[in-house]
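[1] Structure here, sequence nowhere to be found:
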C-alpha cells in the first residue's frame with residue numbers, strides 16, 4: 001500500500017497502515033508529535049504501536065531540534081544478520097546443544113562477561129578506533145560515569161525483552177545468523193538522563209506531552225545530548241558486532257567439519273538519530289522502531305520468535321524519509337499477553353523452534369505481535385524483499 005495522510009496540527013501524518021487499526025493512545029501520541037513547532041514531517045510505519053513519549057514505529061523529521069523520547073530509551077537498538085555457507089543438511093537433528101553453546105558464549109538477560117571482551121582476540125573483528133571509543137566515555141554525562149566498569153563488561157551481551165539471537169534458514173535452506181540488541185543499560189541511563197534534562201528547559205514548558213521535550217540547536221544542552229547520543233549509538237553497533245563475532249566462533253566450533261564461511265554482515269539501527277537532507281533542508285531525523293531504507297540500503301525486519309523475518313533492500317521513498325518498519329510490532333502489551341496466553345500456547349506457537357518455552361518469555365509469544373507478512377505487504381513501496389528467513393533456534397534473555 002501507499003501511505004494514508006491524516007491531518008496534523010503542524011504537518012500531515014503519513015501512515016503506511018490503516019489508521020482505523022492503530023490503537024487510540026498511539027494515534028493521540030502521533031497527533032501530539034505533530035503539534036511540535038520544530039517538526040517538518042512525520043511518517044508512521046505499519047508496525048506502529050504505543051511507546052513512551054513517542055510511538056514505536058514513527059519517523060520524525062525536525063529542523064534545529066531533536067526529541068530524545070522520539071529516539072527511544074534503548075539508543076542504537078538494532079539488528080545484525082549474516083548468511084553462511086551452511087545449509088539445512090549440515091544441521092543436527094537435536095539443536096538444543098547449539099542453543100546451549102550460544103548461551104554460554106553470549107550472556108543474556110542481565111548477565112555480563114566476567115571480564116571485558118578483547119576484540120583483538122575475535123576472529124575477523126575490526127578493532128580500529130576501539131581505544132578512542134572508550135576514551136570518549138570520559139566526555140559523557142557525569143550521571144553515568146560510575147557505570148563504565150559495567151558498560152565494558154556488558155559489551156557483547158544480549159539483554160532481555162524482545163532481544164534475541166537466532167539461527168535461521170532461508171527459502172533455499174541456507175543458514176543465516178541473526179541477532180537483535182542495543183546499547184544495554186548504559187544507553188537507557190543516558191536516554192533517561194537527557195529526557196529529564198530536556199523537560200527542565202523553558203521552551204518545553206506547556207507542551208501537550210512533557211515526554212516530547214526537545215533540545216534546540218546551538219545550545220549547550222543539545223551539544224551534550226548529541227555527544228552522548230552518538231556515543232551510545234556507536235556502543236550499540238559495537239555490541240552487536242562483538243556478539244556476531246562470538247556467534248560466528250560458536251558456529252565455527254560446532255560445525256568444524258563443514259568449515260563455514262560468512263558473507264558480509266548486514267547491520268542496521270532502528271532507534272537512532274541521523275542528519276539528513278530533504279527538500280533542500282538539513283533535518284534531524286529520529287527513527288524509533290524504524291530502519292533506514294534509502295535506495296539500495298539493506299535492512300532487517302524481524303517477526304516474532306516463532307514466525308520468521310525478512311532481509312530487505314530499501315527503495316528510497318522520500319515520503320517516508322527513506323524509512324521502513326523495524327519489525328512486526330506489538331498488537332498487545334506485555335501484561336496483556338501474560339494474561340491472555342499460557343506456556344502451552346507458547347509451546348504451540350513456537351513448535352519446531354529450539355527456544356525457551358517457559359513463563360518468563362510468554363510476553364514474547366508470536367500471538368502478541370502483528371502478522372509479519374501483513375506488515376511487509378503494507379510497505380511494498382518502501383522496501384523490496386531479498387530473503388525470507390525462518391528461525392530454527394531462538395535465544396532469548
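    That came in fine, so what should we check first? All of these numbers come straight from a predicted model, not from anything done at the bench. Numbering: from 1, shown residues only.

[2] CA only for contacts and neighbour counts going forward, please
    OK.

[3] Burial check on the nearest residue to residue 170 once chain neighbours are set aside, number of neighbours?
    In this structure, residue 170 finds its nearest non-sequential neighbour in residue 389, 4.3 Å apart by Cα to Cα, 6 or more residues apart in numbering. Burial measure for residue 389: 25 neighbouring residues, criterion other Cα atoms under 10 Å.

[4] Am I right that residue 389 sits in a strand?
    Yes. Counting by DSSP: H, G, I helix; E, B strand; the rest coil, residue 389 is part of a strand.

[5] Quick check: the gap between it and residue 179.
    Relative to residue 179, residue 389 is positioned 13 Å away (Cα to Cα, to the nearest Å).

[6] follow-up on the earlier one: thinking the residue nearest to residue 170 is in contact with residue 167, fair?
    No. Using Cα atoms under 8 Å as the test, residue 389 is too far from residue 167 to be in contact (9.4 Å).

[7] Report the next helix or strand after whichever helix in the chain runs longest in sequence order.
    The longest helix of the chain (DSSP state H) is helix 220-254. Helices and strands here follow DSSP states H and E; after helix 220-254, the next one along the chain is strand 266-269.

[8] How about the secondary structure of residue 40?
    Three-state assignment for residue 40 (three-state DSSP): strand.

[9] Now for residue 335: which residues touch it?
    Counting by Cα atoms under 8 Å, 6 or more residues apart in numbering, residue 335 touches residue 363.

[10] where's the helix or strand where it lies relative to the chain centroid, distance-wise?
    Following DSSP H and E, the helix or strand that holds residue 335 is helix 334-340. Helix 334-340 sits 22 Å away from the centroid of its parent chain (Cα atoms, centre = their mean, to the nearest Å).

[11] repeat for stretch 31-46
    Relative to the centre of its chain, stretch 31-46 is centred 20 Å away, using Cα atoms, centre = their mean.

[12] Compute the first-to-last residue distance for it.
    End-to-end distance of stretch 31-46 (Cα to Cα): 17 Å.

[13] got any residues that touch both of residue 389 and residue 167?
    Residues touching both residue 389 and residue 167 by Cα under 8 Å, 6+ apart: residue 176.

[14] residues near the residue nearest to residue 320 when sequence neighbours are not counted, how many?
    Spatial nearest neighbour of residue 320, excluding adjacent residues (Cα to Cα, 6+ apart): residue 43 at 5.4 Å. Residue 43: 25 surrounding residues under other Cα under 10 Å.

[15] Return the list of strands paired to the helix or strand containing residue 43, each annotated with direction.
    Following DSSP H and E, one finds residue 43 within strand 39-49. Next to strand 39-49 in the sheet, as set by DSSP bridges, lie strand 13-15 (parallel), strand 56-62 (antiparallel).

[16] Just say which of those strands is most tucked in.
    Of all the strands paired with strand 39-49, strand 56-62 has the most neighbours on average by mean count of other Cα atoms under 10 Å, namely a mean of 28.

[17] contacting residues around that one?
    The contact list for strand 56-62 (Cα under 8 Å, 6+ apart) reads 38-50, 70, 283-290, 320-321, 323, 325-326, 329.

[18] What mean pLDDT does that strand get?
    Across strand 56-62, pLDDT averages out at 97.

[19] Pull the distance from it to the chain's centre.
    Worked out by Cα atoms, centre = their mean, strand 56-62 lies 14 Å from the chain centre.

[20] Check stretch 157-177 too.
    Worked out by Cα atoms, centre = their mean, stretch 157-177 lies 14 Å from the chain centre.

[21] so who does the residue nearest to residue 320 touch?
    Going by Cα under 8 Å, 6+ apart, residue 43 touches 13-16, 58-60, 319-321.

[22] per-residue pLDDT, it?
    Here, the pLDDT recorded for residue 43 equals 98.

[23] Kindly report the same for the one 3 residues further on.
    As predicted, residue 46 sits at a pLDDT of 96.

[24] Repeat that for the one 5 residues further on.
    Confidence per residue is given as pLDDT, and for residue 51 that number is 91.

[25] Give me the residues contacting stretch 125-142.
    By Cα under 8 Å, 6+ apart, the residues outside stretch 125-142 that reach it are 119-120, 145, 148, 190, 224, 227-228, 231, 241-242, 245.

[26] who wins for neighbours among these?
    That'd be residue 190 among these, by other Cα under 10 Å, with 25 neighbours.

[27] After the host helix or strand of that one, heading C-terminal, what element do we hit next?
    Residue 190 belongs to helix 184-199 when assigned by DSSP H and E. Scanning forward in sequence from helix 184-199 by DSSP H and E, the next helix or strand is strand 215-216.

[28] and that next one, what other elements does it pack with?
    In terms of contacts (3 or more Cα pairs under 8 Å, 6 or more residues apart in numbering; DSSP states H and E), strand 215-216 is packed against strand 65-66, helix 220-254.

[29] ok, that strand: who's next to it in the sheet?
    Applying DSSP bridges to the sheet, strand 215-216 is found paired with strand 65-66 (antiparallel).

[30] What's the mean pLDDT across the partner strand?
    98.

[31] Please state the offset of it from the chain centre?
    Distance of strand 65-66 from the chain centroid (Cα atoms, centre = their mean) equals 21 Å.

[32] where's the next helix or strand after that strand relative to the chain centroid, distance-wise?
    Under the assignment DSSP H and E, the closest C-terminal helix or strand after strand 65-66 is strand 78-87. How far strand 78-87 lies from its chain's middle: 17 Å, per Cα atoms, centre = their mean.

[33] Helix or strand next in line after strand 78-87, which one?
    Moving toward the C-terminus from strand 78-87, the next helix or strand (DSSP H and E) is helix 96-105.

[34] Give me the angle between the helix or strand residue 392 falls within and helix 96-105.
    Residue 392 belongs to strand 383-396 when assigned by DSSP H and E. Angle, strand 383-396 to helix 96-105, by axes from the mean of the first three to the mean of the last three Cα atoms, to 10 degrees: 80 degrees.

[35] and strand 383-396, what other elements does it pack with?
    Using 3+ Cα pairs under 8 Å, 6+ apart, the elements in contact with strand 383-396 are helix 96-105, strand 164-170, strand 309-314, strand 354-355.

[36] Any regions of this structure where pLDDT drops low?
    Applying pLDDT under 70 to the chain flags residues 1.
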